[in-house]
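# sequence and predicted structure, then a few things I'm wondering about:
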Protein chains: 2
Amino acid sequence: MDMDREYTQDFVTDEKWQAIINNDASYNGQFYYAVKTTGIFCRPSCKSRAPKRENVRIFKCADQALAANYRPCKRCKPTREKLPDSEWIAHVTQYIDKNYMEKLNLDLLAEISHGSPYHMHRIFKKVKGITPVEFIQQVRIKEAIKFLIDTEKGVSEIALAVGIPNTSYFITLFKKKTGVTPAEYRKLNKKKYKMEGLRHGIQE
Amino acid sequence: MDMDREYTQDFVTDEKWQAIINNDASYNGQFYYAVKTTGIFCRPSCKSRAPKRENVRIFKCADQALAANYRPCKRCKPTREKLPDSEWIAHVTQYIDKNYMEKLNLDLLAEISHGSPYHMHRIFKKVKGITPVEFIQQVRIKEAIKFLIDTEKGVSEIALAVGIPNTSYFITLFKKKTGVTPAEYRKLNKKKYKMEGLRHGIQE
DNA sequence: ATAATTTCACTATCTTGCTTTTATAGTATC
DNA sequence: GATACTATAAAAGCAAGATAGTGAAATTAT
């Protein structure tokens, strides 16, 4: 319907064509390409299958393409704001730091941050070097240690306070991480505190 | 409080002691053992931790143990009514049969039936011999075949109707399962129907 | 032309051995 | 005699490679 406007569009130069077939992200923002046969327009970096050169039209901005009745591609376009992985995961670790006393699992963490638990798990490990569960356990044991040193709370109470309502399991896990049971840890470190004015001998 | 009744109880014979530490189910009903330090009584087959021999008292029946102020063990006793896995899974397959046109996944199936998706998956495979996903795919392809034979709907429409909104993927899957594409399948079986009065040559 | 099929690169979900966590029972210790 | 700790089977959940599913676009068949 607006084929008569053909001459108002940019010509498909070799440079642009190369950018398109190489999905070259450095050209993003410089131009958009539309495909006549599908009525869809993309950014140069779009990873979708390369169109035939003769079906391509070039636009300087998205509005022009929309005006010419093309719709934005679902793969490259709506990819507007995707914050980098590190920020995404920082979100997750902050949540854990604040909510270690609650029940936590992958599904929940995925939900509060973003989509798939499986994907989140992969990225978490890539960014932090440890798995989410390992991270959660470390936070909980560190908090438990603070309670043991700074308070006189009983072991069951501390277990509950750090998000491990199962006392016997808490003791097992604590011993696995620190080498000693909670009560032993308290005894050892209270003494040290009195004698040397020190704290937190094993962790940190 | 009723230590004076000690002599009215059975003696812990070597045979009974062996039955207890081996969790020997063949002795169930013949006697019960109570543990003085915990105030709990069990059947011989109970899987809980073995008590010390000197803490054990033997009873001929549960009533005697109750009368002596012991409470029944929660692991071996309440194992009264647990419906078999097959019934649980039948629930799931019925749901699939009725809802194959909707989006389905493990989490959903676990939710409508019972707890953990992982556990459900394991039991499903044990009971049915195939995984839930395989089962769903089979249902969908069988329904698609009915549509191909009984109607003139297009392939995309059929794909959507059987819960696979992505036509290209539907075709890929159909071919993987039947060996031919949907349109080919229709052509072959329509012809056969006309010529021989038959139907559904490949599946069923 | 329209519908069907294939291709491709990517993301989401499954799969399943392994680990964590729960639920109970029992012993040790202070 | 309450609190700490050990033990253990079953259920729940993780981990990470394998597989399924998506969305764009070309190609082929009708």
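Yes, it's here. Computed from a predicted model, the values in this text were never measured in an experiment.
# shouldn't A:N69 be within a strand?
No. In this structure, A:N69 is coil, not part of a strand, as judged by DSSP: H, G, I helix; E, B strand; the rest coil.
# can you list the residues of chain A near DNA strand C?
A:47-49, A:103, A:115-116, A:118-119, A:133, A:136-137, A:164-166, A:168-169, A:172-173 (CB under 7 Å from any atom of the strand). Backbone N, C-alpha and C define where each C-beta goes, glycine included.
# could you pull out the strands for chain A?
A:32-35, A:40-42, A:56-59, A:71-72 (DSSP state E).
# what's the domain layout of chain A?
A:3-72, A:85-129, A:134-196 (automatic domain parsing).
# once you drop chain neighbours, what's closest to A:F147?
Using CB to CB, 6 or more residues apart in numbering or on different chains and skipping the chain neighbours, the partner closest in space to A:F147 is A:I158 (4.5 Å).
# number of nearby residues for that neighbour?
22 (other CB atoms under 10 Å in any protein chain shown).
# go on, A:V180?
Neighbourhood size, A:V180 [other CB under 10 Å]: 15.
# what is the least confident helix or strand in chain A?
Using mean pLDDT, DSSP states H and E, the weakest-scoring helix or strand in chain A turns out to be helix A:182-196, at a mean of 74.
# neighbouring contacts of stretch A:128-136?
A:89, A:92-93, A:96, A:100, A:104, A:106, A:109, A:120-121, A:124-125, A:138 (CB atoms under 8 Å, 6 or more residues apart in numbering or on different chains).
# mind redoing it with 7 Å?
A:89, A:93, A:96, A:100, A:104, A:106, A:109, A:121, A:124-125 (CB atoms under 7 Å, 6 or more residues apart in numbering or on different chains).
# quick check: longest helix of chain A.
Looking across chain A with DSSP state H, the single longest helix is helix A:132-150.
# CA atoms of that one as PDB?
The C-alpha trace of helix A:132-150 is given here as PDB (Å, rounded to 0.1, in the frame of the first residue of the first chain):
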ATOM      1  CA  PRO A 132      22.000 -20.700  45.600                       C
ATOM      2  CA  VAL A 133      21.600 -23.400  48.300                       C
ATOM      3  CA  GLU A 134      25.200 -23.200  49.300                       C
ATOM      4  CA  PHE A 135      24.900 -19.400  49.500                       C
ATOM      5  CA  ILE A 136      21.800 -19.700  51.700                       C
ATOM      6  CA  GLN A 137      23.400 -22.100  54.000                       C
ATOM      7  CA  GLN A 138      26.500 -19.900  54.400                       C
ATOM      8  CA  VAL A 139      24.300 -16.900  55.300                       C
ATOM      9  CA  ARG A 140      22.400 -19.000  57.900                       C
ATOM     10  CA  ILE A 141      25.400 -20.400  59.600                       C
ATOM     11  CA  LYS A 142      27.100 -17.000  59.800                       C
ATOM     12  CA  GLU A 143      24.000 -15.600  61.400                       C
ATOM     13  CA  ALA A 144      23.800 -18.600  63.800                       C
ATOM     14  CA  ILE A 145      27.300 -17.900  64.900                       C
ATOM     15  CA  LYS A 146      26.500 -14.300  65.700                       C
ATOM     16  CA  PHE A 147      23.600 -15.600  67.900                       C
ATOM     17  CA  LEU A 148      25.800 -18.100  69.600                       C
ATOM     18  CA  ILE A 149      28.400 -15.500  70.600                       C
ATOM     19  CA  ASP A 150      26.200 -12.500  71.200                       C
END
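# which positions within that helix qualify as buried?
For helix A:132-150, burial by neighbour count (16 or more other CB atoms under 10 Å in any protein chain shown) applies to A:132, A:135-137, A:139-141, A:143-145, A:147-149.
# which stretches of chain A form helices?
Assigned by DSSP H, the helices in chain A fall at A:14-21, A:62-67, A:85-99, A:106-113, A:117-128, A:132-150, A:155-161, A:167-178, A:182-196.
# is any residue of the longest one near DNA strand D?
Yes. Using CB under 7 Å from any atom of the strand, helix A:132-150 comes into contact with DNA strand D via A:132-134.
# which of these lies closest to A:W17?
Closest approach to A:W17 among the residues of helix A:132-150 next to DNA strand D (CB to CB): A:P132, at 44.2 Å.
# distance of that closest one from A:V139?
Relative to A:V139, A:P132 is positioned 11 Å away (CB to CB, to the nearest Å).
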